[in-house]
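A.B. asks: fold the following.
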Amino acid sequence: MNFEIKTVCFTGHRDIPHDHAFSLPRVLERELVTLVERGATVFRAGGAVGFDTVAALKVLELREIYPQIELELILPCRNQTERWPEAEIRTYEYILDKADRHEFLFERYVSGCMLERNRRLVKGSDVCVAYCYQNRGGTLYTMTHALKEGLEVINLFDALAE
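C.D. replies: Numbers count the residues shown, from 1 in each chain. Just a heads-up that it's a prediction; the model follows:
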């Protein structure tokens, strides 16, 4: 597919296998540059550990080269980081501070808030960039939902597996 796009959402696993940890950011950057060249200006992340963090940091890095792009965070709840290690909380707070916009869907964690975050990431997006290697969980749900909603879905795991 090669239609013009504006909004891209991210979904991916929290765990990134060691053999992908160094190559994933490079593959992601290549895909993001292609999407910017196709017209993408808004990139949405859900604030989770793992791929969401890698994607958000890469958008912030690329914003130095492409000042027209924006990072939008759609976050499940204000206390999302409650049980996170300190280093991951600092990274999250850095991303939150540098994002162009953010929205908390719920004040506190409630059942279903992560699912609602995933749906909101997809709603209004044109493309979903994923990092999915498991046939279960929120990442697979979000990719499937994006396909049902007519989004172009790009799974970076496929490029890494080649």
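
A.B. asks: do you know how far Thr81 is from Pro17?
C.D. replies: 23 Å (C-beta to C-beta, to the nearest Å). Just so you know, the C-beta spots here come from the backbone N, C-alpha and C atoms, and that holds for glycine as well.

A.B. asks: so for those two, which sits in the more crowded spot?
C.D. replies: A side-by-side neighbour count of Thr81 and Pro17, using other C-beta atoms under 10 Å, places Thr81 first with 19 against 11.

A.B. asks: what's the helix or strand for the residue nearest to the more buried one when sequence neighbours are not counted?
C.D. replies: Once flanking residues are discounted, Thr81 sits nearest to Ile89: 4.8 Å by C-beta to C-beta, 6 or more residues apart in numbering. In this assignment (DSSP states H and E), Ile89 forms part of helix 86-98.

A.B. asks: give me the buried positions along that helix.
C.D. replies: Thr91, Tyr92, Ile95 (16 or more other C-beta atoms under 10 Å).

A.B. asks: and stretch 98-109, by the same measure?
C.D. replies: Result for stretch 98-109 [16+ other C-beta under 10 Å]: buried residues Ala99, Phe104, Leu105, Phe106.

A.B. asks: where do the helices sit along this structure?
C.D. replies: Using DSSP state H, the helices of the chain run over 18-21, 23-37, 51-62, 86-98, 113-122, 137-148, 156-161.

A.B. asks: which secondary structure elements does the fifth one contact?
C.D. replies: Secondary structure elements in contact with helix 113-122, counted by 3 or more C-beta pairs under 8 Å, 6 or more residues apart in numbering; DSSP states H and E, are strand 7-12, strand 70-77, strand 101-106, helix 137-148.
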